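Trainee: Sequence below, structure please.
(chains A and B)
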Protein chains: 2
Amino acid sequence: MFNQVTIIGFGHIGSSIAKALRYNELCKRIVAADASPSVCEKVVEIGLVDEVYNDLAKAVQGSELVILCIPVGAMGIVTEHIAPALEEGAILTDVGSVKMSVIDTVTPFLPDGVDFVPAHPLAGTENSGPESGIFNLFEKRWCLLTPTPETSIKAVEHVTKLWEGMGARIDIMSPKHHDLVLGLTSHLPHLIAYTIVDTANSLEDDLKGEVIKYSASGFRGFTRIAASDPTMWRDVFLNNREAMLEVLQHFAEDLTVMQKAIRKGDGDYLFDVFSRTRAIRREVIELGEAGVPAPGLEDDRG
Amino acid sequence: MFNQVTIIGFGHIGSSIAKALRYNELCKRIVAADASPSVCEKVVEIGLVDEVYNDLAKAVQGSELVILCIPVGAMGIVTEHIAPALEEGAILTDVGSVKMSVIDTVTPFLPDGVDFVPAHPLAGTENSGPESGIFNLFEKRWCLLTPTPETSIKAVEHVTKLWEGMGARIDIMSPKHHDLVLGLTSHLPHLIAYTIVDTANSLEDDLKGEVIKYSASGFRGFTRIAASDPTMWRDVFLNNREAMLEVLQHFAEDLTVMQKAIRKGDGDYLFDVFSRTRAIRREVIELGEAGVPAPGLEDDRG
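Mentor: Predicted coordinates:
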């Protein structure tokens, strides 16, 4: 499908893409690049790719496809750095969890003749680093594409084939809509998990020890989410600020109503809410989302 | 170990106990009782127990051990109803998720010569009903006992042996401490999951459909928790009101600080929190909680 693909940033997603490209034989050569020399050394050790560069600009030379697998906050500066070295006709794509700010920061540095296809695969575990890649991480997972008015249809088709080749399902939507939907379905759950685990962290040591000891009763699932990469998630919240503040406001209001129902002993209200939420679970299961096993992962139910 | 055990309330926990008693050969006869005639019919159909009664008082006759597997809000009235039929020397125990209010409502009806051992097994799935029992649900799970000053040591020992016989690990603590620790580690996570899923439920249909469609990105794990039994959880929140309001207050404050950090673009603060919470995950994993596979359950990671 491609002669040479460059993966910039060899963390959890970057290394999973490398493995998926190999496994599905989607390109002849894979070039990896990472700003961290120790990551580059590790990649050489793993021996998964054809070439590894610490110099990001060198790594994109000769590649038809360049995939940015770096934190959202680094997309602009990295694009500025590699732009002069991008091949005419190359496609640039990314895997960032926020799309509006990535488009805003990448687009100004995009050379003529290079297409940018903003993308977001809805996959990943709480693990990080070059050794955490999983070859079938994207199988049956969604990958959302949010092309800009400047993105060519041909480039969108190429990136679609790439992700479908790794087993993913493709949906296309506007960047703004993406950021709101993901704000609700991904970013808010992560922020809440981080918050509740930090709430536990601020307890006296004895109580904190017990919360950890008995974590299987509900808390444990939150600790998994709250173990996600700090840099990646800091950048997500900083770069999806508007949507986050909107959904947070909504959630905080709903939580206050719950709190009031508990204070007033309003059992009917609580029962109604808990019955409604059960119906949502049924829809999730019917859509097949609940049953799709994530590869290589522990069961983490409370 | 026991000649006859009565299980009152044949839902998820009640039916799991019946299966675990059988599997581990912990008693000769199991008597089941449920206030719902249709549940009783179902129990007869399943054929798991020796006798089934719709009349709860009849069901406790001749039993050395009676286990209340009913919502916390029903513990008092059921104890009042069965009290005259309890055998002299029998042990009454329960599986409620709140301990102070259960002790307060059960104790006044307790006949002389009957011991009450408040207990709470930290196990369960979001499934309900007489057919949802799992024979090894309690294996490697904690069961917390919160004896009162009136509970005899012998009764505590009997109930300890029962739960250890089903594979559980026992810890003993005060009812008040139990309610605070579980408020944090179980009740707060459940309330938050119910709230965020209801927040999604209140969206316009299109957006709601997409949140469900892309739920694997974080939301999905919350929908599982928010599918738990509405009656059980209504009663938990109503009966652990004080501890819930305390932990909710704490959580709401922490969430407001997070919100402010996002609004102000304070990346350093967010990064610090996300690094601290990662450390908690390590402690959870080290304690072995994260790796214990829950029996018969889907992987539900986001």
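
Trainee: list the contacts for the residue nearest the centre of chain A?
Mentor: Nearest residue to the geometric centre of chain A (C-alpha atoms, centre = their mean): residue A:97, 4.7 Å. Residue A:97 makes contact with A:72, A:120, A:182, A:186-187, A:232, A:236, A:240, according to C-beta atoms under 8 Å, 6 or more residues apart in numbering or on different chains. For every residue, glycine as well, the C-beta is placed using N, CA and C.

Trainee: okay if I get the residues you listed as a markdown table plus distance to chain B?
Mentor: Formatted as a markdown table, the contacts of residue A:97 follow (distance: C-beta to the nearest C-beta, whole Å):
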| residue | distance to chain B |
| --- | --- |
| A:72 | 12 |
| A:120 | 9 |
| A:182 | 7 |
| A:186 | 4 |
| A:187 | 8 |
| A:232 | 9 |
| A:236 | 9 |
| A:240 | 9 |
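
Trainee: could you dump those to JSON lines with secondary structure?
Mentor: Formatted as JSON lines, the contacts of residue A:97 follow (DSSP: H, G, I helix; E, B strand; the rest coil):
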{"residue": "A:72", "secondary structure": "helix"}
{"residue": "A:120", "secondary structure": "strand"}
{"residue": "A:182", "secondary structure": "helix"}
{"residue": "A:186", "secondary structure": "helix"}
{"residue": "A:187", "secondary structure": "helix"}
{"residue": "A:232", "secondary structure": "helix"}
{"residue": "A:236", "secondary structure": "helix"}
{"residue": "A:240", "secondary structure": "coil"}
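
Trainee: all strands for the stretch 1-150 of chain A, in order.
Mentor: With strands called from DSSP state E, counting those that start in this stretch, the stretch 1-150 of chain A shows them at A:2-8, A:27-33, A:51-53, A:65-68, A:91-94, A:115-117, A:119-121, A:142-145.

Trainee: Could you dump the ones you listed into CSV and include mean pLDDT?
Mentor: Formatted as CSV, the strands of the stretch 1-150 of chain A follow (pLDDT from 0 to 100):
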stretch, mean pLDDT
strand A:2-8, 97
strand A:27-33, 97
strand A:51-53, 97
strand A:65-68, 98
strand A:91-94, 98
strand A:115-117, 98
strand A:119-121, 98
strand A:142-145, 98
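
Trainee: so who does the residue of the stretch 1-150 of chain A found nearest chain B touch?
Mentor: Ranking the residues of the stretch 1-150 of chain A by distance to chain B (C-beta to the nearest C-beta) places residue A:122 first, at 4.4 Å. Shown in contact with residue A:122 (C-beta under 8 Å, 6+ apart): A:141-144, A:186, B:214, B:216-217.

Trainee: Point out where chain A drops to low pLDDT.
Mentor: A:289-302 (pLDDT under 70).

Trainee: How is it divided into domains?
Mentor: Chain A breaks down into these domains under automatic domain parsing: A:2-174, A:177-286.

Trainee: Dihedrals phi and psi, the nearest residue to residue A:90 once chain neighbours are set aside?
Mentor: Distances taken as C-beta to C-beta, 6 or more residues apart in numbering or on different chains place residue A:114 nearest to residue A:90, at 5.3 Å, with adjacent residues excluded. The phi and psi values for residue A:114, taken as degrees, to the nearest 10, are phi -110, psi 130.

Trainee: how many other residues sit next to residue A:114?
Mentor: Using other C-beta atoms under 10 Å in any protein chain shown, residue A:114 is surrounded by 19 other residues.

Trainee: what do you get for residue A:264?
Mentor: 10.

Trainee: quick one: it from chain B, how far?
Mentor: For residue A:264, the distance to chain B equals 10 Å [C-beta to the nearest C-beta, to the nearest Å].

Trainee: Could you measure from that residue over to residue B:153?
Mentor: In this view, residue A:264 and residue B:153 are 41 Å apart by C-beta to C-beta, to the nearest Å.

Trainee: which SS state does residue A:171 fall under?
Mentor: Here residue A:171 is recorded as strand under three-state DSSP.

Trainee: residues in contact with it?
Mentor: The contact partners of residue A:171, taken as C-beta under 8 Å, 6+ apart, are A:142-145.

Trainee: And residue A:181, by the same measure?
Mentor: Counting by C-beta under 8 Å, 6+ apart, residue A:181 has contacts A:173, B:207, B:210-211, B:214.

Trainee: out of those residues, which one sits closest to residue B:80?
Mentor: residue B:211 (44.9 Å; C-beta to C-beta).

Trainee: Distance from the chain centre to the longest helix belonging to chain A, please.
Mentor: If you go by DSSP state H, chain A has its longest helix at helix A:241-264. With C-alpha atoms, centre = their mean, to the nearest Å as the basis, helix A:241-264 stands 25 Å off its chain's centre.

Trainee: That helix versus helix B:241-264: what angle between them?
Mentor: Per axes from the mean of the first three to the mean of the last three C-alpha atoms, to 10 degrees, the angle that helix A:241-264 makes with helix B:241-264 is 170 degrees.

Trainee: Not counting its own residues, what contacts helix A:241-264?
Mentor: A:179-180, A:182-184, A:187-188, A:191-192, A:237, A:266, A:269-270, A:273, B:191-192, B:194-196, B:198-199, B:202, B:237-238, B:241, B:244-245, B:248, B:252, B:255-256, B:259, B:262-263, B:265.

Trainee: next structured bit after it?
Mentor: Of the helices and strands lying after helix A:241-264 in sequence (DSSP states H and E), the nearest is helix A:267-286.

Trainee: Okay, angle between that next one and helix A:241-264 too, please.
Mentor: Using the same axes, to 10 degrees: helix A:267-286 against helix A:241-264 is 140 degrees.

Trainee: so, in contact with chain B or not, helix A:267-286?
Mentor: Yes - interface with chain B: helix A:267-286 contributes A:267, A:270-271, A:273-284 (C-beta under 8 Å from any C-beta of the partner chain).

Trainee: Looking at these, which is nearest residue A:77?
Mentor: Among the residues of helix A:267-286 next to chain B, residue A:284 lies closest to residue A:77 (C-beta to C-beta), at 38.1 Å.
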